[in-house]
Structure formats: structure tokens, C-alpha cells
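J.: Structure, please.
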Amino acid sequence: MESVASRPMTIRHELLGEMRVPVFGDVERAALRLRRYTRHTQLLRSPLLDEIVGGSVWIKPECLQVTGSFKVRGAINALLSLEPAQRARGVVAYSTGNHGQAIAWAARQTGMDATIVMPADAPKNKVAKALRHGARVSFYDRHAESREAIAMRLSAGTGGVLVPPGDHPDVLAGQGTLALEALRDLPPQALERLHTFIAPCGGGGLLASAGLVLEHLSSRTRIVAVEPAGFDDTARSLTTGNREANDGMSRSICDALLAATPAELPFAINQRLLSEGLCVTDAEVAAAMVFALEELHLVVEPGGAVALAALLSGRVTLGDKDAIVVLSGGNVDLPMLHAQMGRHAATAAR
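T.: Got it, this is the predicted structure:
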């Protein structure tokens with residue numbers, strides 16, 4: 001008998017119109033398509049982290065991924081899924097940085113022109129990398145302007161195909177390959193004991209795509225979304241059942257996760273599959289970045305470290321079970337890294 005999750009479903013997006021909800025089979029097909037483009041990031045272990053949390057933690061280091069973030073998985077899958085006539089028109093995307101870099105890189109691989117709408121306060125290294133890959137960058141004020149509206153206008157004016165960071169079925173299918181890799185890499189006994197999958201959450205695309213995989217391969221595993229304090233839109237949306245917005249006044253060092261509200265397509269999935277949403281402070285994020293550098297020898301950006309921060313701070317407990325924690329990106333510039341190391345040292349000295 002066909003499961004509800006495997007039936008073709010669509011949602012009506014307020015800007016993009018009718019949109020197909022991806023399923024597990026889309027992730028499997030994406031995994032085959034992406035093999036020659038993306039890096040298989042091997043799971044890592046840390047005895048010290050296991051000791052701190054009292055369980056067995058399997059670390060998925062997407063900070064080592066091509067372009068330094070999991071976002072490249074969805075970007076290249078979306079562009080490879082286009083027809084030749086669509087590729088000839090170019091691509092338009094909006095992004096706080098990592099999706100923009102990924103689209104710029106993927107466009108270069110597929111011979112497409114790319115225009116990226118990025119906030120004026122985006123980290124300089126993320127802007128530089130998008131430009132290095134040959135993309136055009138159009139800046140906006142994230143506190144006063146709508147990046148979606150700007151991207152829609154650019155797409156209408158240039159004819160470029162709009163590929164948003166979360167509201168796109170092929171983007172989600174590609175991002176789901178992260179969880180598919182991780183679960184397939186787990187030893188059988190660890191998969192049986194897998195208690196928690198914990199990952200950063202901005203618009204919700206990573207969690208939604210992981211949910212499609214976990215629902216199929218490890219349905220008892222709880223899925224936990226971690227957001228920066230002051231940007232708990234997904235956590236609040238899970239409680240109310242509606243897409244809640246942030247107040248626009250909060251600030252955080254986690255530039256990759258500062259979505260105004262959950263993306264529509266991911267939320268349609270997350271509303272059904274997410275177990276919990278929680279928040280961590282900037283100080284906890286800084287401590288996680290330092291732990292990753294000193295213990296794991298990994299450079300992790302603030303937004304990429306929030307799930308690790310939730311474990312280290314005790315906001316997520318495992319008992320004696322297993323967990324997968326995603327380090328989703330490593331695109332942090334040196335001044336930011338130095339500042340957070342100093343901030344953590346000052347806090348620890350008090």
C-alpha cells in the first residue's frame with residue numbers, strides 16, 4: 001500500500017505559485033546525480049564530546065564540503081535538473097551568503113550566468129567567493145527590503161531562472177543527500193540506536209530534507225532544529241501551526257541563519273516531521289566554534305556551529321543513545337573567528 005509520504009503533493013507558494021513537495025525518491029536520484037560534483041564528508045567522532053554529552057555523537061562536517069557549506073548539494077542538483085533552454089537564461093538566487101556562493105559555483109560548473117541578491121552586511125568573504133565564481137551580486141538592506149521581491153524583479157527582467165535557498169523541490173532533494181550519506185555511513189548498531197538528528201535551522205530547508213530521509217530510514221529518530229536566540233521563528237511556528245515571523249530587531253553573529261520566517265515548502269514538511277525547535281545564545285555558539293577548532297581541528301562558522309552549541313550547552317540530552325550533529329558550514333572570515341575566540345576566552349575567564 002502506498003504511504004501518504006510517497007504520494008505526489010503540492011503546495012501553493014505565495015510568490016512562486018504551485019510547487020511540488022519532494023519525497024525520498026527525489027533524494028536518492030539527487031545522490032546519483034551529485035556524486036561527481038560534491039564531496040562525501042565522512043562522519044567524525046570526538047571522545048571528549050561523547051564524554052560531555054553522555055552519548056555517542058557522529059559529526060557530519062559539511063564545513064569541509066565544496067564551497068564550505070551543505071548548500072552546494074541543493075544548488076548543483078537544482079541547476080543540473082534544468083532543461084538546456086532554461087540554463088541558457090541564467091539563474092537568479094537570493095542568499096545571506098552560503099546559498100549564493102553555492103549557486104555561483106554551480107552556475108560555473110554548468111555554464112550558466114548567475115545573479116545573487118545578498119544583504120549589504122553579508123560577510124565580505126562570502127561576497128568575495130560568489131564574485132570569484134563569476135556571479136554578479138546585487139545588494140539589499142535586510143532590515144528594510146524584501147530579498148524575495150528583488151530577486152523576482154531581477155528574474156522577470158533578465159529571464160533568469162529563480163532558485164531560492166529553501167523553497168525549491170530540487171534544492172531540498174539535493175540537500176537531503178547530506179542525511180542520506182550520514183545514515184548510510186553509520187554502523188548498523190549505531191543506526192539502530194540513533195536517537196537524535198540535530199542540525200542548524202534558518203529557513204528550514206536542511207531539516208526538511210533530512211526529515212524526508214529519516215522518515216524513510218530511521219523513523220524513530222527525533223529531529224531537532226537549532227536556531228539563534230532571537231530568531232526562533234521555526235520553534236514558534238511549530239507551536240502555533242502557522243509560519244511565524246521574527247521581529248526584525250534582533251541581532252546575532254549567526255549570519256547564515258537570520259531568516260525572517262520559515263520558508264513555505266520546508267515548513268510544509270517540518271510541520272509534520274520536526275520533533276523540536278530550540279535556541280542557543282551567541283556566547284554558546286562562540287564556545288562551540290572554539291571547541292570545533294581546538295578539539296576537532298575544524299573551522300566552523302557561527303551558523304554552522306549552533307547544533308554543536310546545543311549539545312555542548314546541555315540544551316539537548318541523549319542519555320546513552322547515538323546522535324548525528326551537523327556542522328553545516330565553515331565560511332567564516334578571520335576577523336570574525338578571532339573575535340569569537342576572544343569573546344569565548346573573556347567569558348571563560350569570568
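J.: Sketch out the helices for the stretch 101-250 of the chain, chain order is fine.
T.: Counting by DSSP state H, counting those that start in this stretch, residue ranges of the helices within the stretch 101-250 of the chain are 124-132, 147-158, 169-175, 177-185, 188-193, 205-217, 233-240.
J.: quick one, which of these is packed in tightest?
T.: Counting by mean count of other CB atoms under 10 Å, helix 169-175 has the highest mean neighbour count of those, with a mean of 29. All C-beta spots, glycine's among them, are computed from the backbone N, C-alpha and C.
J.: Tell me the helices and strands packed up against that helix.
T.: Packed against helix 169-175 by the contact rule (3 or more CB pairs under 8 Å, 6 or more residues apart in numbering; DSSP states H and E) you find strand 17-21, helix 24-34, helix 71-80, helix 205-217, helix 264-273.
J.: Tell me what angle the last one forms with helix 205-217.
T.: It refers to helix 264-273. 40 degrees (axes from the mean of the first three to the mean of the last three CA atoms, to 10 degrees).
J.: And the shortest one, by the same measure?
T.: Taking the same axes, to 10 degrees, one finds that strand 17-21 is oriented at 40 degrees with respect to helix 205-217.
J.: Mind checking the pLDDT average for strand 17-21?
T.: Average pLDDT, strand 17-21: 83.
J.: quick one: strands adjacent to it?
T.: strand 9-13 (antiparallel) (DSSP bridges).
J.: one step back: of all the helices of the stretch 101-250 of the chain, which one is nearest residue 85?
T.: Closest approach to residue 85 among the helices of the stretch 101-250 of the chain (CB to CB): helix 147-158, 14.7 Å.
J.: Need the residues that contact that closest one.
T.: Residues outside helix 147-158 that contact it (CB atoms under 8 Å, 6 or more residues apart in numbering): 15, 89-90, 92-94, 115, 117, 119, 138, 140, 160-162, 164.
J.: least confident pick among those?
T.: residue 15 (64).
J.: can you tell which of the helices of the stretch 101-250 of the chain is closest to residue 266?
T.: Nearest of the helices of the stretch 101-250 of the chain (CB to CB): helix 205-217, 3.7 Å.
J.: Can you spell out which helices and strands pack onto the closest one?
T.: Helix 205-217 packs on helix 24-34, helix 169-175, helix 177-185, strand 194-200, strand 222-228, helix 264-273, going by 3+ CB pairs under 8 Å, 6+ apart.
J.: Residue 301: which of those is closest?
T.: strand 194-200 (9.8 Å).
J.: Run me through the strand neighbours of the closest one, direction for each.
T.: With DSSP bridges as the test, strand 194-200 pairs up with strand 222-228 (parallel), strand 322-327 (parallel).
J.: between those, which gets nearest to residue 235?
T.: strand 222-228 (6.3 Å).
J.: Report the inter-axis angle for that closest one versus helix 233-240.
T.: Using the same axes, to 10 degrees: strand 222-228 against helix 233-240 is 130 degrees.
J.: Pull out the CA atoms of strand 222-228 and give them to me as CSV.
T.: Output of strand 222-228 as CSV, limited to C-alpha atoms (Å, rounded to 0.1, in the frame of the first residue of the first chain):
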residue,chain,number,x,y,z
ARG,A,222,13.8,12.7,16.7
ILE,A,223,14.7,15.7,14.5
VAL,A,224,15.8,18.8,16.4
ALA,A,225,16.2,22.2,14.8
VAL,A,226,18.5,24.7,16.4
GLU,A,227,18.2,28.5,15.8
PRO,A,228,20.0,31.5,17.2
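J.: How far off centre is that strand?
T.: 11 Å (CA atoms, centre = their mean, to the nearest Å).
J.: again, but for stretch 43-63
T.: Here the centre of stretch 43-63 is set off from its chain's centre by 19 Å, with CA atoms, centre = their mean.
J.: ok, residue 308 to residue 66 distance?
T.: Here residue 308 is placed at a distance of 21 Å from residue 66 (CB to CB, to the nearest Å).
J.: So which of those two has more stuff around it?
T.: residue 308 (30 against 22; other CB atoms under 10 Å).
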